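**Q** Any chance you could fold what I've pasted below:
(chains A and B)
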Amino acid sequence: MKTTKEQKKINARSKKADEKQKNILEMLKSHGAKIYDDLDNGQFPKFSIPSRSVSNIVYDKKLRQYILGNNAAVRSSRNSAQLRSFTQLMWLAFFANRLTHEKKSSTLRDVYYSSQAFAIEFEDQSESDNIIVDLEAVTSKPREDFHIFPEERSSIFGDLNIEYTIPGYEGKTMNLSNHPDGYSIGPSLTTAELVDTSAEIVIAIEKGGLFTRFVEEQIDKKFKSIIINTGGQAPRSTRTLLKRLHDEMNLPVIVLTDGDVYGEHIAMVIKSGSANAAHLRELTVPDAKWVGVWATDIEKYKLPTIPMTESDIKRCYDLQKDPRYQDGIWKKELDVFLRLKRKAELEAFSKYGLTNITEKYLPQKLELAKSL
Amino acid sequence: MSSIKEKFNQISPSEFFYSNRDLAGFSNPTRSLYTAVREFVENALDACDQKGILPDVHLTIKAVDTEKPDPKPYILTVKDNGPGIDAEHIPLAFGTVLYGSKFGLKQARGMFGLGATMAILYGQITTNKPVTVKSSVDGVTQHMFELLLDIQKNKPVIVQHTTKEVSKKGLTVSICLEGDYSKAGNKIRDYVYETSLITPYASITFDDPKGQKFSHPRFVKEIPPPPTIIRPHPHGIDVERIRRMIVESQFEIPTIDDAMIEKVRKDLGLSAKNLSFTAIMDKAKKKWKTLPRQVRVVIALMSFLKMDFEKLMKIRIEDIDMSNKTLSYWDFGDSQSKSVDMDPESPYYKQLTNTVQGEPLTTFLTKRFQRIGPTTAVKFAEFAKFKPEKRMGTLTNQELVQLSDSLQKFDDFMAPDSSCLAPLGEEPLEKGIKKFFNPDFTAVVQRPPSAYSGFPFIIEMGIAYGGDIKSGGPHVYRYANRIPLLYDEGSDVVLKVVNDTDWGRYKVKGDPPFIIVSHICSTRIPYKTAGKENVADRQEIERELRLALQFLSRKLAAYMSKRGQADMAKKRANLYAKYIPLIAQFCTELAGKKKEPNYQKILDDNAVESKQPIEEEKEIENN
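**A** Below is the predicted model:
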């Protein structure tokens, strides 16, 4: 039996989700109405899309993420070169409207195939993916808000109670420490309300193997943490969840990656986003901390290494030009990677025993994180 | 030292051509059949043009034995409705090499009518059959000759000569020759087809050996104005030509025989009775102005001989030596040579000088060349360092070369007269192109006359796009003096100019369906080879071709850009019709409405050519 207080809380949460859906639908409707009126008045409808060209992506120091500049392009149905993509975008808005109404989720691939029922031909999925980004840019909303989710799944484990909002599960709650393989971060988890947690920190880890080891070693309990497997570069739904854990539950976020330039950048994307998603906000955790594996750790912990490839080295030079890598540990570690020209994986700690990473390395890093 | 004596033989022109027949386009059975067709068809058209007759030309090629494989003997017959040739000239005209009527300076298809004789010669050496010529000049009597050429003597052999009554004028020539129609057929059909394009006032039919008939009726009823024969331009002349002109300008001393004396007597109006020398001279002085030149020369001679008609009949003039001022003659009565002195002060002396030494330089220039007046003639004499009154007959070889060089170098002559040219004209050319290709776009131009090396020329050009024209253009149709040029396309100046053109600049792209018709008219086409199939790249001609092509290309570009716009508008309208209803459908549901918006207005406005400028995607600044 739920207490009245709890019931109230549930109602409030449900109301909040409804509110969000209502806002999305309102916004789509107003776009549709404008186009409707244009057509009815014998005008060619058009709208403005913020330009996503490289020259219009700028780093905002205050927001600590990449954002789009002020350049925008007009997409007009009069222009025969744009008419097709204009229609595709209209269809997508129409499709997203239906998804949101019916609270159904879909994937990028779904969208590509669904279009074929409406005589909207996309040449390939990358064309339809591009139109989805257009819709995000026009509305400044991530596609997840329109119930379009990525294929990749990352997972979460730890003492966290959630409450579903998706149809059929409304009000149902779940504790995310009940299943030792962790819970996949899909549409239902992303849209669920975060109820409460005993954890004090979120540990995002790059690799599934280590995620399993952390669960086995009960890192969640030992360090009062929620463990998230990003599965390489964190998907946007995972980044959204990280942000919500930080913002709504006031949990600090630390990131543990392989000791190479790609690992460093995985941490950076969680912290301050990617240029690809410069048209979106609310996908970043500016306070997230990268704790390792650092380049300096390779020497300090005498980790077994493998040499960097050509592309690793090129990536280092590329990141040196990125404004976010101009100071602090970001710059320092990048320089060391370039000096060593070698890299180490998280699994490298296994040289000193399978639990070396959880028993020795992690505690030291958690301690260090407090001072970062 | 060689002891072998070389043997020198004179060969006849027939023999020369017999051993060099590939020079004139008779190298193999394929080429020979094609060349023979050309020569006879062109002669027929030239004959009609000269008399202002609308040509009807019938070409027939028949295999002697249809079963035999190629190459094999064919009978080639060309029949026209032209003026015909007088019976007395036929044996020489068709049975002699280098006998012709086209030696005047004006534009014609063939130069001397040489090629037809070559074809006859080729027929004879490959099949040993005579040529058959049927000609009627009056439309009443037709002469039929069967002729063979005596190659060594360059003389005709008449095998048969008959006459019969007919109702039409015209000439029919029929020869038997070895040919290869299976290979030459394409070119011959192309030749007939292209000839009828540039000769729209002619009706041409062709019955081929396979029983197919090709008919090209005339579609223009007027013959373009015929060219006039003109005198040569000084820039287009050489030493040999000057030498010949001088010979032509000098007069022979008339033979003083009974007939001549009778003529002098008659012209002086004297009766049969004998008159004294003085009486004759008195009479001549009075009548001088009305006397013909020959009579004047006889009178002049008589004045120095101091003889009457009686005595004159008994002598023969031997020499008139102007430098020693003596006149020598043979006296039949005394059977010995005698001479008298001539008084240079006598007015009759000048008459004889003119006759013997030729005209003064200035007279020669003004009378024998086009567009030279007395002032220019005197200026030229000064330039060439000759006395203006220098007698043409007294020029030494060295002086002749000097004169010829100076004629080339003197810049103050007027440009060559172009009245000797006969371009087709813009209107018939355009009509022809439209009829042949049914194009979407046509433009033609006739450039003003120009000249190279003293030979005037005119460029006519046409360009057409779309319609029945097949893609893969530009297809170039080359003509020179109304002859289609079909062989050796690669090295031709017209092709060079066309290939130099960057068609992208004129909005012609991809595999365009378009043709270019180029017609060069000149008194002398600078062919690269004796086969007369490709024109050399003379700078002046190339320039005129370029200007003509540029002019037409600009017109084509304007058309293409219009066409492009229309295509675009159509394409756009189709796109609107496809996508706007979809947009309407989607936004109706998005906006939460029941009824679709009225988008028909947009479609209607854009069903025809869009008048509004196309809005391009452009970056715009937000605040």
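**Q** Looks like B:Ile229 contacts B:Ala422 (just checking).
**A** No - using Cβ atoms under 8 Å, B:Ile229 is not in contact with B:Ala422; the gap is 11.6 Å. Every residue, glycine included, has its C-beta placed from N, CA and C.
**Q** Now for the residue in the stretch 1-150 of chain B that chain A sits nearest to: which residues touch it?
**A** In the stretch 1-150 of chain B, the residue found nearest to chain A is B:Tyr34; the distance is 52.6 Å by Cβ to the nearest Cβ. Taking Cβ atoms under 8 Å, 6 or more residues apart in numbering or on different chains as the definition of contact, the neighbours of B:Tyr34 are B:Gly25, B:Ala184, B:Lys187, B:Ile188, B:Tyr191.
**Q** Quick check, pLDDT for it.
**A** On pLDDT, B:Tyr34 comes in at 91.
**Q** Work out for me the element it sits within.
**A** The secondary structure element spanning B:Tyr34 is helix B:29-51 (assigned by DSSP states H and E).
**Q** for that helix, which positions count as buried?
**A** Going by neighbour count (16 or more other Cβ atoms under 10 Å in any protein chain shown), the buried part of helix B:29-51 is B:29-50.
**Q** Could you do stretch A:109-117 as well?
**A** Neighbour counts over stretch A:109-117 (16+ other Cβ under 10 Å) mark A:Asp110, A:Val111, A:Tyr112, A:Ser114, A:Ser115 as buried.
**Q** picking up where we left off before, the more surrounded of B:Ile229 and B:Ala422?
**A** Just comparing B:Ile229 and B:Ala422: by other Cβ atoms under 10 Å in any protein chain shown the higher neighbour count belongs to B:Ala422, 20 against 12.
**Q** Might one say that A:Lys289 is in contact with A:Ala369?
**A** Yes - using Cβ under 8 Å, A:Lys289 is in contact with A:Ala369, at 5.2 Å.
**Q** what's the overlap in contacts for those two?
**A** Counting by Cβ under 8 Å, 6+ apart, the residues touching both A:Lys289 and A:Ala369 are A:Pro252, A:Ile254.
**Q** so is the closest residue to chain A within the stretch 151-300 of chain B in a helix, a strand, or just coil?
**A** Closest to chain A within the stretch 151-300 of chain B is B:Leu197: 40.9 Å, counting by Cβ to the nearest Cβ. Following DSSP: H, G, I helix; E, B strand; the rest coil, the label given to B:Leu197 is helix.
**Q** Now the closest residue in space to it that isn't next to it in sequence: which helix or strand?
**A** Take B:Leu197 and drop its neighbours on the chain: the residue closest to it by Cβ to Cβ, 6 or more residues apart in numbering or on different chains is B:Gly432, 4.9 Å away. When secondary structure is defined using DSSP H and E, the element that contains B:Gly432 is helix B:426-437.
**Q** So for that helix, mean pLDDT?
**A** Helix B:426-437 carries an average pLDDT of 90.
**Q** which residues are contacting it?
**A** With Cβ under 8 Å, 6+ apart as the test, helix B:426-437 has contacts from B:197-198, B:200-201, B:219-220, B:222, B:224, B:439, B:442, B:444-446, B:460, B:462, B:464, B:467-469, B:515, B:517, B:519.
**Q** next one: stretch A:183-191
**A** By Cβ under 8 Å, 6+ apart, the surrounding residues in contact with stretch A:183-191 are A:17, A:105, A:144, A:147, A:149, A:153-157, A:162, A:164-166, A:169, A:174, A:176, A:228, A:235, A:237-238, A:240-241.
**Q** So which of those residues are in strands?
**A** A:Phe149, A:Ser155, A:Ile156, A:Phe157, A:Ile162, A:Met174, A:Ile228 (DSSP state E).
**Q** which one of the residues you listed has the most neighbours?
**A** Using other Cβ under 10 Å as the neighbour definition, these reach their maximum at A:Ile228, which records 26 neighbours.
**Q** Only the buried subset of the contacts of helix B:426-437, as a PyMOL command please.
**A** Here is the PyMOL command that selects the buried residues among those (16+ other Cβ under 10 Å):
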select buried, chain B and resi 197+198+200+201+220+224+439+442+444+445+446+460+462+464+467+469+515+517+519
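**Q** any low-confidence regions in chain A?
**A** Using pLDDT under 70 as the threshold, the predicted model of chain A has low-confidence ranges A:1-14.
**Q** Go through it and flag its longest helix.
**A** When chain A is parsed with DSSP state H, its longest helix is helix A:4-40.
**Q** and the gap between the closest residue to B:Ile520 other than its chain neighbours and B:Lys570?
**A** Excluding the flanking residues, the one nearest B:Ile520 by Cβ to Cβ, 6+ apart is B:Ala480, at 4.8 Å. Distance, B:Ala480 to B:Lys570, by Cβ to Cβ, to the nearest Å: 42 Å.
**Q** And B:Ala415, by the same measure?
**A** Taken as Cβ to Cβ, the span from B:Ala415 to B:Lys570 is 50 Å.
**Q** Kindly report the same for A:Ser177.
**A** With Cβ to Cβ as the criterion, A:Ser177 and B:Lys570 are 67 Å apart.
**Q** same question, B:Asn598
**A** Relative to B:Lys570, B:Asn598 is positioned 24 Å away (Cβ to Cβ).
**Q** now stretch B:532-543, how far from the centre of its chain.
**A** For stretch B:532-543, the distance from its own C-alpha centre to the chain's C-alpha centre is 15 Å (Cα atoms, centre = their mean, to the nearest Å).
**Q** With stretch B:209-224 instead?
**A** For stretch B:209-224, the separation from the chain centroid amounts to 22 Å (computed by Cα atoms, centre = their mean).
**Q** in that stretch, what's buried?
**A** B:Pro209, B:His216, B:Arg218, B:Val220, B:Ile223, B:Pro224.
**Q** sorry, back to before: ok, which pair from the ones in strands among the contacts of stretch A:183-191 is furthest apart?
**A** In terms of Cβ to Cβ, these reach their longest pairwise distance at A:Phe149 and A:Phe157, which sit 20.2 Å apart.
**Q** Can you read off the pLDDT for the residue in chain B that chain A sits nearest to?
**A** When scored by Cβ to the nearest Cβ, chain B has B:Leu590 as its residue closest to chain A, at 2.5 Å. Per-residue confidence (pLDDT) for B:Leu590: 89.
**Q** okay but it is in contact with A:Ile35, surely?
**A** Yes - distance between B:Leu590 and A:Ile35: 7.5 Å, which falls inside the contact criterion (Cβ under 8 Å).
**Q** who touches both of those two?
**A** A:Met90.
**Q** Show me the strands in the stretch 51-200 of chain B, by range?
**A** Using DSSP state E, counting those that start in this stretch, the strands of the stretch 51-200 of chain B run over B:56-63, B:72-79, B:131-136, B:141-150, B:155-165, B:170-179.
**Q** which helices and strands does the shortest one pack with?
**A** For strand B:131-136, the contact count by 3 or more Cβ pairs under 8 Å, 6 or more residues apart in numbering or on different chains; DSSP states H and E identifies helix B:90-95, helix B:114-127, strand B:141-150, strand B:170-179 as packing neighbours.
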